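Engineer: Pasting the sequence and the predicted model now:
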Amino acid sequence: MQKRALSLLLLFVMIFSVITTGCSKNEKEKTENENVIKVGWMGSLTGDQAVWGQCELNAVKMIFDDINKKGGVLGKKLEVIGYDTKGDAQEAVNVAKRLTGQDKVVAILGPNTSGTAIPISPVLEQAKVADIATVATNPKVTVVDGKVKPYNFRVCFIDPYQGAVAAGFAADELKAKNAAILYDVSDDYSQGLSEFFEETFVKKGGKIVAKEAFKTGDVDFRPQLSKIKSANPDVIFMPFVYKEVALSSNQARELGITATLMGGDTWPSEQLITMAKDAVEGSYIVNQVNYDDPDVQDLKNEYKEKYNKNMEINGYLVHDAIMMLVDAMERAGEADSEKIAKALETTDIVGITGKIKVGKDTHNPEGKEAAIVKLVNGEYVFQKKYSAAQ
């Protein structure tokens, strides 16, 4: 009988120990969660655009660490939860659902393409969670049929503005009279920039002497370039990503084309220099940031020291997206997703990529100047700030 009583006592002690340990563990996890603000990130970590996505996520981790070392935001530490969209629209929707439903983030940074930023809007609206896109320049990311999407924001300027800046600079500064356009017919970004480049260039008295298309994944651009060569343009506008830029630029020079090449913010990459340094020499880019600006040097150097590689354009833009988010949380007074979205509508800050004053009816940073960059000896050299209004 004594033995049985002792066994029951030991069993009771064990059960009590398990219960109390479990409770204290749950309490500890609850306390830790209460002291953390979870922020989502989405972007391309695999595929052709991985170089940008990887840089962007690295930059978020680095900047969050810096913020946390200084006490965090609202007395809490920032934690990033990042997923790969693979550059695919459906995968972006899946990631948005996971971040908002499973991970319970208060906001999302990224994605870094328009094609993945546009389709996630219904998910954001259902969850009432704001997203700040980084390099997603298509107007439809934030506005459709004249109506602003309540939870979609961006830190970059948009395609119409970028295309107009490129055309204005070509006509006013380069004194180009004839221009050709080579664009990706399967990409909304490329089509958008092409459309607004053509519209502005013609308005300024210029002539589009050739307009040739290709599809993502093409590697031989000689047929299109041969037609462009026969039109003898002063400039060729090429609004697509660095991989195709490198291939087409090399082929253009091999065909004897000497026209000045121009592009948008999908050009800047170390990979472009590696693949086509000589071919793109002397080309001009409409960029989101001036790499030589004193305000970007600390961030650029910190990233280089930490990751032993140069920061891509995405790192600078996600820095300012984080600034937007932190500012919104501080003005909201709490890490509440709906209040953050409301506060983002009245953002008015100065980031390292320029002044960011969000338009309530557009959710875009309005009036943001572009940086004109020239490729010189394998370096991206700032030329001047340029506005489409000029």
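Structural biologist: Alright, I've got the coordinates.
Engineer: Helix or strand next in line after the helix or strand of the chain with the lowest mean pLDDT, which one?
Structural biologist: When each helix and strand of the chain is scored by mean pLDDT, DSSP states H and E, helix 2-34 comes last, with a mean of 57. Per DSSP states H and E, helix 2-34 leads on to strand 36-43 as the next helix or strand towards the C-terminus.
Engineer: who does that following strand pair up with?
Structural biologist: The strands that strand 36-43 pairs with in its sheet are strand 77-84 (parallel), strand 107-109 (parallel) (by DSSP bridges).
Engineer: Just say which of those is most tucked in.
Structural biologist: The highest average neighbour count among the strands paired with strand 36-43, using mean count of other CB atoms under 10 Å, belongs to strand 107-109 at a mean of 29. (Glycine included, C-beta is placed from N, CA and C.)
Engineer: which residues touch that strand?
Structural biologist: Here strand 107-109 makes contact (CB atoms under 8 Å, 6 or more residues apart in numbering) with 39-42, 60, 80, 96, 99-100, 124, 129-132, 134, 318, 321-322, 325, 328, 337, 340-341.
Engineer: Now list the buried members of those.
Structural biologist: Among the contacts of strand 107-109, those buried by neighbour count (16 or more other CB atoms under 10 Å) are 39-42, 60, 80, 96, 99-100, 124, 129-132, 134, 318, 321-322, 325, 328, 337, 340-341.
Engineer: Which of these fall in strands?
Structural biologist: Residues of those located in strands (DSSP state E): Val39, Gly40, Trp41, Met42, Val80, Ala130, Asp131, Ile132.
Engineer: all helices for this protein, in order.
Structural biologist: Per DSSP state H, the chain carries helices over the ranges 2-34, 50-69, 89-97, 114-117, 121-127, 159-172, 188-203, 222-231, 242-254, 270-276, 297-307, 313-332, 337-344.
Engineer: okay, the ones you listed in CSV with distance to Ala210 next?
Structural biologist: Compiled in CSV, these are given as follows (distance: least, CB to CB, whole Å):
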stretch, distance to Ala210
helix 2-34, 59
helix 50-69, 30
helix 89-97, 31
helix 114-117, 26
helix 121-127, 36
helix 159-172, 15
helix 188-203, 11
helix 222-231, 4
helix 242-254, 12
helix 270-276, 21
helix 297-307, 38
helix 313-332, 29
helix 337-344, 42
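Engineer: out of those, which comes closest to Gln288?
Structural biologist: helix 313-332 (6.0 Å; CB to CB).
Engineer: Mind checking the pLDDT average for stretch 41-56?
Structural biologist: Averaging pLDDT along stretch 41-56 yields 94.
Engineer: ugh, wrong one, I meant stretch 323-340
Structural biologist: Average pLDDT, stretch 323-340: 98.
Engineer: Show the end-to-end separation of that stretch, please.
Structural biologist: Distance between the two ends of stretch 323-340: 13 Å, counting by CA to CA, to the nearest Å.
Engineer: ok, and what's touching it?
Structural biologist: Contact with stretch 323-340 is made by 37, 39, 67, 73-74, 76, 105-107, 109, 127-130, 132, 153, 155, 342-344, 346-347, 349, 351, 356, 358, as judged by CB under 8 Å, 6+ apart.
Engineer: hmm, 6 Å instead?
Structural biologist: With contacts defined as CB atoms under 6 Å, 6 or more residues apart in numbering, stretch 323-340 is touched by 37, 73, 106-107, 128-130, 132, 343-344, 347, 349, 351.
Engineer: residue ranges with poor pLDDT in the chain?
Structural biologist: 1-33, 389-390 (pLDDT under 70).
Engineer: domains for it, by residue range?
Structural biologist: 35-157+292-358, 160-287+372-386 (automatic domain parsing).
Engineer: Touching, Ile273 and Glu379? I think so.
Structural biologist: No: counting by CB atoms under 6 Å, Ile273 stays clear of Glu379, with 8.2 Å between them.
Engineer: Which one's more surrounded, these two?
Structural biologist: Ranked by neighbour count (other CB atoms under 10 Å), Ile273 and Glu379 place Ile273 first, with 18 against 12.
Engineer: Which residue is the nearest non-sequential neighbour of that one?
Structural biologist: Leaving out its chain neighbours, the residue that sits closest to Ile273 by CB to CB, 6 or more residues apart in numbering is Gly378, at 4.8 Å.
Engineer: Check whether that neighbour really touches Lys277, as I assumed.
Structural biologist: Yes: counting by CB under 6 Å, Gly378 does reach Lys277; the two are 4.8 Å apart.
Engineer: more neighbours, the two?
Structural biologist: Neighbour totals were compared for Gly378 and Lys277, and Lys277 leads with 16 against 13 (other CB under 10 Å).
Engineer: ok, now which ones touch that one?
Structural biologist: Lys277 makes contact with Gly378 under the criterion CB under 6 Å, 6+ apart.
Engineer: roughly how far apart are it and Thr260?
Structural biologist: As for Lys277, its distance to Thr260 is 16 Å (criterion: CB to CB, to the nearest Å).
Engineer: for Glu345, same thing?
Structural biologist: Counting by CB to CB - Glu345 and Thr260 are separated by 40 Å.
Engineer: follow-up on the earlier one: tell me which of the strands paired with strand 36-43 sits nearest to Glu56.
Structural biologist: Nearest to Glu56 among these is strand 107-109; the distance by CB to CB comes to 8.0 Å.
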